[in-house]
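J.: below are the sequence and a predicted model; questions follow.
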Protein chains: 2
Amino acid sequence: MIDAIGFDADDTLWHNETIFEENHRRFCALLSRWHDAATVESKLLETEMRNLALFGYGIKGFALSSIETAIELTEGRISGEELREILAMAKRMLEHPVELLPGARATVEALAGDFTLLLITKGDLRDQERKIQRSGLAGHFAHHEIVSEKNTRTYARILARHGLDASRFLMVGNSLRSDILPVLELGGHAVHVPYPLTWEHERAEPPPAETDRFHALERLDQLPALVWRLSPPRR
Amino acid sequence: MIDAIGFDADDTLWHNETIFEENHRRFCALLSRWHDAATVESKLLETEMRNLALFGYGIKGFALSSIETAIELTEGRISGEELREILAMAKRMLEHPVELLPGARATVEALAGDFTLLLITKGDLRDQERKIQRSGLAGHFAHHEIVSEKNTRTYARILARHGLDASRFLMVGNSLRSDILPVLELGGHAVHVPYPLTWEHERAEPPPAETDRFHALERLDQLPALVWRLSPPRR
């Protein structure tokens, strides 16, 4: 039986990585006078990983790491105008409309009546709040949890705060590393719905086949049928 | 009677604005070839205010606004080396040790046994979490709330989440705008303990004299006596 369902937000309910990828391409184009795209991409990832503990996830940290990478890769020769363009890119990302993934609204609406829904997302506080509000889905979730990292400690804290039992909790998300593995480790259920793009940092091996609490779906709209199979409706 | 006490963190329990001010001075020095300090300060504040809705509070937004200001004020002529110095300043701020204010530890310890203590702070998620952990005070607080803005809606949400009654809640902080006025508006009690420095954006007029739920103290170590006068010990 399932009491509560946690939804990841970025790339599970709405598009996110496509926006980052688009801006990666713009960033590579901006530096193409100096380096090829592969060099720029690998240097940017290296900078982001080095800064992650200090900056955390989100667009502001991405922007700062992009500026740092641009200065390093051009040995300080990047122009003020080009740096201004990186800042403008970051602002456009922060203002980007929220585009729901196919089936997101219907899936959330279908489950909201019978289960306690939690939105569990990581990133910059204000940016995530903005997206939750603009998604039009905010009201369906009993709790919004914006966290700095999604690991077993984070999930254990969230479950304890809301008096939820891990064995009756199901988490849905696109990231094996952040949404699936820590929840399985706590004894919860997890449903992986992949997004066409995955940020290098979020890649992980799928859980071992013997876990019957792990499920993989191709699309989010297949979730209600799975949930009702695991946990027949209360009414 | 008081059940729960909310503490602001930055400039109430530990130093923060001094660190920003120090970096403002460094930033002005960096641009002193182009402009006097007053011009730099006023342009930086203007940029921060323009970006606040997108970036929110915290060091990452400050760093991005500083870079934007530096490019604007130098018409793009600032060097890569100088921009690298702005990035390094931001990282040093994020790594800065937490320096408790005088009386902070004793005050929190004195009240933790008899009241539910909440830590209510705004800024970047990961940075605030880091400071809470490094403060050594984390365990005294029943709840840590890191929020993107401190207004009546935020406080109402926090009180509701923890089943607290505004009339039995007391908030302590250095910012009239963020810690005092919204809590008084909700019918709660508020104690203003000023910090020697106040960021322009946090300035506000004190509440009208007729409110007996507002108190002003010079130092944090005067708080326990005030709280026990308002709400005699339960034991």
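T.: Received it, and whenever you're ready, just let me know what you need.
J.: helix, strand, or coil at A:G6?
T.: strand (DSSP: H, G, I helix; E, B strand; the rest coil).
J.: host element of the residue sitting furthest away from the middle of chain A?
T.: What lies farthest from the middle of chain A is A:R77; by C-alpha atoms, centre = their mean that is 34.1 Å. For A:R77, there is no host helix or strand (DSSP states H and E).
J.: my guess is it meets B:G80, correct?
T.: Yes: with contact defined as C-beta atoms under 8 Å, A:R77 reaches B:G80; the gap is 6.6 Å. Where C-beta positions appear, they are placed from N, C-alpha and C, glycine not excepted.
J.: can you give me the distance of the closest residue to A:D11 other than its chain neighbours to A:T154?
T.: Excluding its sequence neighbours, the residue lying closest to A:D11 (C-beta to C-beta, 6 or more residues apart in numbering or on different chains) is A:Y195, at 3.9 Å. A:Y195 sits 21 Å away from A:T154, taking C-beta to C-beta, to the nearest Å as the criterion.
J.: before we move on, what about A:R130?
T.: 21 Å.
J.: same check on A:A88?
T.: Computed as C-beta to C-beta, the A:A88 to A:T154 distance reads 33 Å.
J.: neighbour-wise, which of those two wins?
T.: A:T154 (17 against 12; other C-beta atoms under 10 Å in any protein chain shown).
J.: packing partners for the helix ranked longest in chain A?
T.: The longest helix of chain A (DSSP state H) is helix A:37-55. Counting contacts by 3 or more C-beta pairs under 8 Å, 6 or more residues apart in numbering or on different chains; DSSP states H and E, helix A:37-55 packs against helix A:17-30, helix A:59-73, helix B:80-95.
J.: tell me, how many residues neighbour A:H35?
T.: 15.
J.: ok, the one 5 residues further on next?
T.: Neighbourhood size, A:V40 [other C-beta under 10 Å]: 22.
J.: what does A:D36 give?
T.: A:D36, neighbours per other C-beta under 10 Å, totals 10.
J.: same deal with the one 3 residues further on?
T.: Each residue near A:T39 was counted by other C-beta under 10 Å, and the total is 13.
J.: A:G163 now?
T.: Residues lying near A:G163 (other C-beta under 10 Å) number 8.
J.: can you check A:M49 too?
T.: By other C-beta under 10 Å, neighbour count at A:M49 equals 12.
J.: list the contacts for A:L117?
T.: A:4-7, A:108, A:111, A:140-142 (C-beta atoms under 8 Å, 6 or more residues apart in numbering or on different chains).
J.: hmm, 10 Å instead?
T.: Residues near A:L117 by C-beta atoms under 10 Å, 6 or more residues apart in numbering or on different chains: A:4-7, A:108, A:111, A:137, A:140-143, A:172.
J.: in stretch A:77-89, what's buried?
T.: If you call a residue buried by 16 or more other C-beta atoms under 10 Å in any protein chain shown, then stretch A:77-89 has these buried ones: A:78, A:80, A:82-83, A:86-87, A:89.
J.: can you narrow the residues you listed down to the ones near chain B?
T.: A:78, A:80, A:82-83, A:86-87 (C-beta under 10 Å from any C-beta of the partner chain).
J.: could you point out which of the contacts of A:L117 is nearest to chain B?
T.: A:H143 (8.6 Å; C-beta to the nearest C-beta).
J.: related to what we said a few turns ago, now do the longest helix of chain A, average pLDDT.
T.: Averaging pLDDT along helix A:37-55 gives 96.
J.: report the buried residues of it.
T.: Buried residues in helix A:37-55 (16+ other C-beta under 10 Å): A:40-41, A:43-45, A:47-48, A:51, A:54-55.
J.: am I right that A:H140 is in contact with A:L119?
T.: Yes: A:H140 is in contact with A:L119 according to C-beta atoms under 10 Å; the separation is 8.7 Å.
J.: more neighbours, these two?
T.: A:L119 (23 against 16).
J.: against B:A204, how distant is the more buried one?
T.: Counting by C-beta to C-beta, the gap from A:L119 to B:A204 is 33 Å.
J.: next one: A:D165
T.: 45 Å.
J.: could you point out the longest strand of chain A?
T.: strand A:116-122 (DSSP state E).
J.: after that one comes which helix or strand?
T.: Following strand A:116-122 in sequence, per DSSP H and E, is helix A:125-135.
J.: ok now that following helix, how far from the chain's centre?
T.: From the chain centre to the centre of helix A:125-135 is a distance of 13 Å (C-alpha atoms, centre = their mean, to the nearest Å).
J.: which residues sit against the helix or strand that that helix is followed by?
T.: Toward the C-terminus, helix A:125-135 is succeeded by strand A:143-147 as the next helix or strand (DSSP H and E). Strand A:143-147 has contacts (C-beta under 10 Å, 6+ apart) with A:4, A:6, A:9, A:56-57, A:116-129, A:132-133, A:138, A:153-155, A:157-158, A:161-162, A:164, A:178, B:125-126, B:129, B:146-148, B:161.
J.: pull out the buried positions in the next helix or strand after strand A:143-147.
T.: Downstream of strand A:143-147, the next assigned helix or strand under DSSP H and E is helix A:152-161. For helix A:152-161, a neighbour-count test (16+ other C-beta under 10 Å) marks A:154-156, A:158-159 as buried.
J.: between these, which is nearest chain B?
T.: Looking across the buried residues of helix A:152-161 and measuring by C-beta to the nearest C-beta, the closest to chain B is A:T154, at 10.7 Å.
J.: mind checking how far the residue farthest from the centre of chain A is from A:L83?
T.: Separation of A:R77 from A:L83 (C-beta to C-beta): 11 Å.
J.: mind listing the shared neighbours of the two?
T.: In contact with both A:R77 and A:L83: A:70-71, B:80, using C-beta under 10 Å, 6+ apart.
J.: okay if I get the residues you listed as a markdown table plus distance to B:S32?
T.: Shown next, in a markdown table, are the shared contacts of A:R77 and A:L83 (distance: C-beta to C-beta, whole Å):
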| residue | distance to B:S32 |
| --- | --- |
| A:A70 | 25 |
| A:I71 | 21 |
| B:G80 | 18 |
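J.: any chance of those residues in CSV, plus distance to B:M93 and pLDDT?
T.: Formatted as CSV, these follow (distance: C-beta to C-beta, whole Å; pLDDT from 0 to 100):
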residue, distance to B:M93, pLDDT
A:A70, 21, 97
A:I71, 19, 97
B:G80, 21, 93
